[in-house]
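> output the structure for:
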Amino acid sequence: MTQRMNIYKAAPEVYKTVLAFSQAAGQGIDEKLKHLVLLRASQINRCAYCIDMHSKDARHAGDSEERIQLVAAFDEAPEFFSEKERAALALTEAVTVLTDGFVPDEVYNRAAEHFEEKELAQLISLIAAINVWNRLNVTVRTPGGHYKPGQW
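Numbers count the residues shown, from 1 in each chain. Model (predicted):
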């Protein structure tokens, strides 16, 4: 696939704004959990650039290969993910997919049991932010495979 454009060079103010939003959204979220959430949403959205980035950043942050490989099946691998992480990943899937047009109460309530209100607000914002990045990158076909850990 050929990259259609470098949207970040074509619209640098959009890039700066989305980056600032992403950085604000990620504040206070555990580093390993943050990368797992970003990776899972990117897998769902089939964003090669972001899958590459967040799997490398997860490794760089000290997460295990098993957890990175199993994040797509987090509920079937409870020995690798805490209940809090599984609740966050379930929320990630629900917010990312929105197949029914809403986030089910049971998914939201599951997350709310493990996160205080401010942290939950940060988590929801982080999920929204990665979905923006994914949609931008997938649309313009930003290629994966070239990211260096900690680059951004």
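> okay, now the closest residue to residue 50 other than its chain neighbours: neighbour count?
Nearest residue to residue 50, sequence neighbours excluded (C-beta to C-beta, 6 or more residues apart in numbering): residue 42, at 3.6 Å. (Glycine included, C-beta is placed from N, CA and C.) For residue 42, the count of nearby residues is 27 (other C-beta atoms under 10 Å).
> mind checking how far residue 42 is from residue 34?
In this structure, residue 42 and residue 34 are 12 Å apart, going by C-beta to C-beta, to the nearest Å.
> what's the lengthiest helix in the chain in contact with?
For the chain, the helix with the greatest residue count under DSSP state H is helix 117-140. For helix 117-140, contacts defined as C-beta atoms under 8 Å, 6 or more residues apart in numbering pick out 3-7, 18, 21-22, 24-29, 34, 37-38, 41-42, 45-50, 88, 91-92, 95-96, 111-112, 115, 142.
> can you do 6 Å?
Residues from elsewhere that reach helix 117-140, judged by C-beta atoms under 6 Å, 6 or more residues apart in numbering: 4-5, 7, 18, 21-22, 25-26, 28-29, 38, 41-42, 45, 47, 49-50, 88, 92, 95-96, 112.
> same question for stretch 60-80.
31-32, 35-36, 39-40, 43, 55, 58, 81, 86, 89, 149.
> show me what contacts the residue nearest the centre of the chain?
For the chain, residue 38 is the residue whose C-alpha lies nearest the centre (C-alpha atoms, centre = their mean; 1.6 Å). Going by C-beta under 6 Å, 6+ apart, residue 38 touches 54, 130.
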